[in-house]
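> let me see the structure of the following:
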Amino acid sequence: MTGPTEPIDAAASVPPVRVKAHPGLCNGWGECHRWGPDVYPLDADGMLDIHLLEVPGELAEQARIGAAACPEQAITLMTPVDVRRH
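Next up is the predicted model:
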């Protein structure tokens with residue numbers, strides 16, 4: 001090596017994800033918010049308060065865990081569409 005090494009920021013390499021919520025399926029368990037508080041806001045009644053959201057890579061793990069924790073499966077994670085086509 002000829003120079004100092006830079007620490008690798010693992011979160012910087014995680015791509016953003018899209019979150020789609022299905023409010024009709026939400027029963028207000030709050031597990032999404034419990035495991036992903038920076039991703040899943042709840043309304044005054046404790047229900048999921050989003051429909052479609054672009055989540056930055058640094059919060060993608062919270063998004064994944066929060067979606068997986070939903071007992072009603074009211075959250076779908078989608079990868080963003082790559083607009084760079086050749």
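> could you use CA atoms for every contact and neighbour count after this?
Will do.
> residues in contact with the residue most central in space within the chain?
Centroid check for the chain by CA atoms, centre = their mean gives residue 63 as the closest residue, at 2.4 Å. When contacts are counted by CA atoms under 8 Å, 6 or more residues apart in numbering, residue 63 touches 19, 36, 39-40, 55, 77.
> filter these down to just the ones in strands.
For the contacts of residue 63, the ones inside strands are 19, 55, 77, with DSSP state E as the criterion.
> save those as a markdown table, and put in pLDDT too.
Listed next are the ones in strands among the contacts of residue 63 as a markdown table, based on pLDDT from 0 to 100:
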| residue | pLDDT |
| --- | --- |
| 19 | 94 |
| 55 | 94 |
| 77 | 93 |
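> neighbour-wise, which of those residues leads?
For these, the largest neighbour count, defined by other CA atoms under 10 Å, is 24 neighbours, found at residue 19.
> kindly format the C-alpha coordinates of the longest helix along the chain as PDB.
Secondary structure assigned by DSSP state H gives helix 60-69 as the longest helix of the chain. Taking only C-alpha atoms (Å, rounded to 0.1, in the frame of the first residue of the first chain), the coordinates of helix 60-69 have been written out as PDB:
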ATOM      1  CA  ALA A  60     -32.800   0.300   4.200                       C
ATOM      2  CA  GLU A  61     -32.100  -2.200   7.000                       C
ATOM      3  CA  GLN A  62     -34.600  -0.500   9.300                       C
ATOM      4  CA  ALA A  63     -37.100  -0.600   6.400                       C
ATOM      5  CA  ARG A  64     -36.500  -4.300   5.800                       C
ATOM      6  CA  ILE A  65     -36.800  -5.300   9.500                       C
ATOM      7  CA  GLY A  66     -39.800  -3.100  10.100                       C
ATOM      8  CA  ALA A  67     -41.600  -4.600   7.000                       C
ATOM      9  CA  ALA A  68     -40.700  -8.200   8.100                       C
ATOM     10  CA  ALA A  69     -42.000  -7.500  11.600                       C
END
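> that concludes my questions; thank you for your assistance.
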